[in-house]
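Enquirer: Sequence isn't available, so here's the structure alone:
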């Protein structure tokens, strides 16, 4: 039986990696978008192309690409970001496809989980069967990112790298409000059981049902609006390649969480 591919996205500092790692503990194969980006940066051919485009200054003393230096260039210049994406994205996508295929063929894998902060912005949503958005109160997120050395202003700057939170929540099947993890970890466990059940009961239409429509990939049929905390300001450009330049530190698990589930009503066309 084909395993479901679940995308985990969320607000910065909300704890999306906590959710993804819990699913991994339960038997999912976890594909880490940032880790793949780091691997690609170390590949000789990719390194050579990056140095040709951005110069020797982006190479650190260890001979590897200095992510902080490169990030300082691409986060402030759209043309540079486009150039980095053109170098990295095709290779990253091939690796994702290979890892998904390997997981589909591995009988020990029960579910495939894709952890990538800007999965939707990078147009990888079509690879997913369902998407989970992890959220948390802004003040709590500001506290959590302090362990990364980030100020509230830095958090706001990085949020501009992503779509508005409300847009992502609308596109998500499930919204988990991870203010207190332990109280609602059971909700993640319940989702895992549903996704791995042999009988797909209770789901309103399969991916293939949704993808039969000729409409665009994210053709929203918006239901009544749901009240959520305000989203982040919108940035002019996004990039999974740039996102890989600085890996997010693991967010410490809080002690409990509130969870909200929602239904995304979108049309995703499968990509080959």
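Expert: Great, that's in hand. All of these numbers come straight from a predicted model, not from anything done at the bench.

Enquirer: what about residue 24, distance to residue 112?
Expert: According to C-beta to C-beta, to the nearest Å, residue 24 and residue 112 sit 10 Å apart. Every residue, glycine included, has its C-beta placed from N, CA and C.

Enquirer: The two: who's more crowded?
Expert: Taking neighbours as other C-beta atoms under 10 Å, residue 24 and residue 112 compare with residue 112 leading, 26 against 17.

Enquirer: Rounded mean pLDDT for the helix or strand that one falls within, please.
Expert: Assessed by DSSP states H and E, residue 112 sits inside strand 111-115. Across strand 111-115, pLDDT averages out at 96.

Enquirer: can you list the residues that contact that strand?
Expert: Contacts to strand 111-115, defined as C-beta atoms under 8 Å, 6 or more residues apart in numbering, come from residues 3-8, 16-17, 20, 23-24, 26-34, 96, 100, 103-104, 124, 127-128, 192, 195-196.

Enquirer: Now list the buried members of those residues.
Expert: By neighbour count, with 16 or more other C-beta atoms under 10 Å, the contacts of strand 111-115 hold 3-8, 16-17, 20, 23-24, 26, 28-34, 96, 100, 103, 124, 127-128, 192, 195-196 as buried.

Enquirer: gap between residue 184 and residue 190?
Expert: On the measure of C-beta to C-beta, residue 184 and residue 190 end up 10 Å apart.

Enquirer: Looking at these two, which is more packed in?
Expert: Neighbour comparison, residue 184 and residue 190: the larger count goes to residue 184, with 19 against 13 (by other C-beta under 10 Å).

Enquirer: The more buried one touches residue 176, doesn't it?
Expert: Yes: using C-beta atoms under 8 Å, residue 184 is in contact with residue 176, at 7.2 Å.

Enquirer: Where does residue 134 sit: helix, strand or coil?
Expert: Classification of residue 134 using DSSP: H, G, I helix; E, B strand; the rest coil returns strand.

Enquirer: Pretty sure it sits against residue 178.
Expert: Yes: here residue 134 reaches residue 178: they are 5.3 Å apart, a contact under C-beta under 8 Å.

Enquirer: Overlap of the contact sets of the two?
Expert: With C-beta under 8 Å, 6+ apart, residue 134 and residue 178 have common neighbours 10, 14-15, 18-19.

Enquirer: Which of the residues you listed sits closest to residue 166?
Expert: residue 10 (13.4 Å; C-beta to C-beta).

Enquirer: any idea of the pLDDT on residue 223?
Expert: For residue 223, pLDDT reads 31.

Enquirer: what's the answer for residue 207, then?
Expert: At residue 207, the pLDDT value in this model is 33.

Enquirer: and what of the one 4 residues further on?
Expert: You'll see residue 211 listed with a pLDDT of 33.

Enquirer: Residue 130 now?
Expert: 95.

Enquirer: Can you give me the neighbour number for the residue nearest to it when sequence neighbours are not counted?
Expert: Excluding the flanking residues, the one nearest residue 130 by C-beta to C-beta, 6 or more residues apart in numbering is residue 173, at 4.3 Å. Using other C-beta under 10 Å, residue 173 is surrounded by 21 other residues.

Enquirer: Please report phi then psi for residue 173.
Expert: When read as degrees, to the nearest 10, the backbone of residue 173 gives phi -80, psi -30.

Enquirer: cool, and residue 121?
Expert: Backbone torsions for residue 121, taken as degrees, to the nearest 10, come to phi -60, psi -30.

Enquirer: could you measure residue 168 against residue 97, distance?
Expert: 23 Å.

Enquirer: quick one: which of the two has more around it?
Expert: residue 168 (24 against 13).

Enquirer: That one reaches residue 132, doesn't it?
Expert: No: Residue 168 is not in contact with residue 132 according to C-beta under 8 Å; the separation is 10.6 Å.
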